[in-house]
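1. coordinates for the following, if possible.
(one chain, ligands or ions: 1)
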Amino acid sequence: MTEPIINVNNLTVRFPDKTVFADVNVTINRGQFLSIVGDNGAGKTTLLRTLLGQLKPTNGKVEVYPSRRELKIGYVPQFRNIDSDYPLSLRNFVALGLIKRVAPWLSRKEQHQLDAILKETELTHLAATRLGTASGGEKQKAYLAQALVEQPDLLILDESTASLDNVMKYELLDLVAHYQKEHNLTVIFVTHDLPLAKRYSTDYLMLKDGQYETGTIDELNTNVLRADDNQINITMNGGACEHV
Ligand SMILES: Nc1ncnc2c1ncn2[C@@H]1O[C@H](COP(=O)(O)OP(=O)(O)OP(=O)(O)O)[C@@H](O)[C@H]1O
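-> Numbers count the residues shown, from 1 in each chain. Sure, this is the predicted structure:
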C-alpha cells in the first residue's frame, strides 16, 4: 500500500533574478528511494530546503505526513574530514544522534538502539576507536549511523557520497539500501552521480534549466525533458521567496 509522507503541489521558487523551478508536483511515498539529480546550480539544494520548510516557496505547497513535527528525519551531509585530535569515540559520536536532553548517560533502550545501529552499519568493531583516527569511509559511516540511530522515517543524503572514493561510495549506499529494505525507510538522495542514482534509487526527480522531470529510475535514460509533458509553466507570477 502506498503511503505518502511528502506531497509537493505546484511548487515554485523564484529568486529576484531567477526562477529556480516552477509548478513542481511530486509525491514521496514511504519506502521510496528518490534521487534528486541535476547539474550545479540546477536547484537541488533549493528544492531540499523547501521540502524541509527552511525556505518558503514563491507559490505552491509542501504537505508532510503525519506532520512536520512528527516526521523523524535523519541527515547525512557531504563528507568533511574530522581532525585526528577529535576526542570522541565512534560510539559516543553516533550517540549524539540520540541526545535530546542534558544527561551524561543513556537509557537501556538507547544503549540497545546504539548497539543495533553500530551493528547494522558494520561499525561494532570500531565502537571504541577515537573517531579522529578512523578512515574517511568509516567517518562517513559514523555520520550515517548517527542519522539512523533515532530510527527516522526519512533519511536525507545530501551529496553524502561526493568526496568519497568509488569503493566507499558503494559501501555506504549498500548499507543504506540494506537498512532501507529492512525498515521501510524513505530516502532522498541529492546527487550529481547518475550511475549511483540509477543503481540504488526507485525513483528520480531531475532539475534542469528551470524545468523538472520525474519518474521511476528505469525511465531515467529514456525520458526526454519536455516542458509540455510536465505541464511546466516557467513564467509564473508571484513574489520572490522569503527565507524562514
Ligand atoms: N538565497 C538565494 N538567493 C538568490 N539566488 C539563490 C539563492 N540560493 C540559491 N540561489 C540560486 O538558485 C540556483 C539554484 O541553486 P542551488 O544551490 O539550489 O543549486 P544546486 O543544484 O543545489 O547546485 P550545486 O549542485 O552546485 O549545489 C542557483 O543559480 C543559485 O545561485
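
2. quick one: Q113 is in a helix?
-> Yes. Using DSSP: H, G, I helix; E, B strand; the rest coil, the secondary structure at Q113 is a helix.

3. thought it was touching Q151?
-> Yes. With contact defined as C-beta atoms under 8 Å, Q113 reaches Q151; the gap is 7.2 Å. Glycine gets a C-beta too; all of them are placed from N, C-alpha and C.

4. okay, the two: which has more neighbours?
-> Q113 (20 against 13; other C-beta atoms under 10 Å).

5. now the more buried one: closest residue in space, sequence neighbours ignored.
-> Nearest non-adjacent residue to Q113, counting by C-beta to C-beta, 6 or more residues apart in numbering: V149, 5.7 Å away.

6. buried residues, stretch 109-121. List them.
-> Residues 110, 113-114, 117-118, 120-121 are the ones in stretch 109-121 that count as buried (16 or more other C-beta atoms under 10 Å).

7. quick check: end-to-end length of stretch 158-166?
-> 17 Å (C-alpha to C-alpha, to the nearest Å).

8. quick one: mean pLDDT for that stretch?
-> For stretch 158-166, the mean per-residue pLDDT is 93.

9. check whether it contacts the ligand.
-> No. Using C-beta under 6 Å from any ligand atom, stretch 158-166 stays clear of the ligand, coming no nearer than 7.1 Å.

10. my guess is L144 is in a helix, correct?
-> Yes. Counting by three-state DSSP, L144 is located in a helix.

11. what's across from the closest residue to it other than its chain neighbours in the sheet?
-> Computed as C-beta to C-beta, 6+ apart, the closest residue to L144 that is not its neighbour in sequence is V76, at 5.4 Å. When bridges are taken as DSSP bridges, the partners of V76 come out as L157.

12. touching, V76 and E159? I think so.
-> No. V76 lies out of contact with E159 (C-beta under 8 Å); the separation is 9.3 Å.
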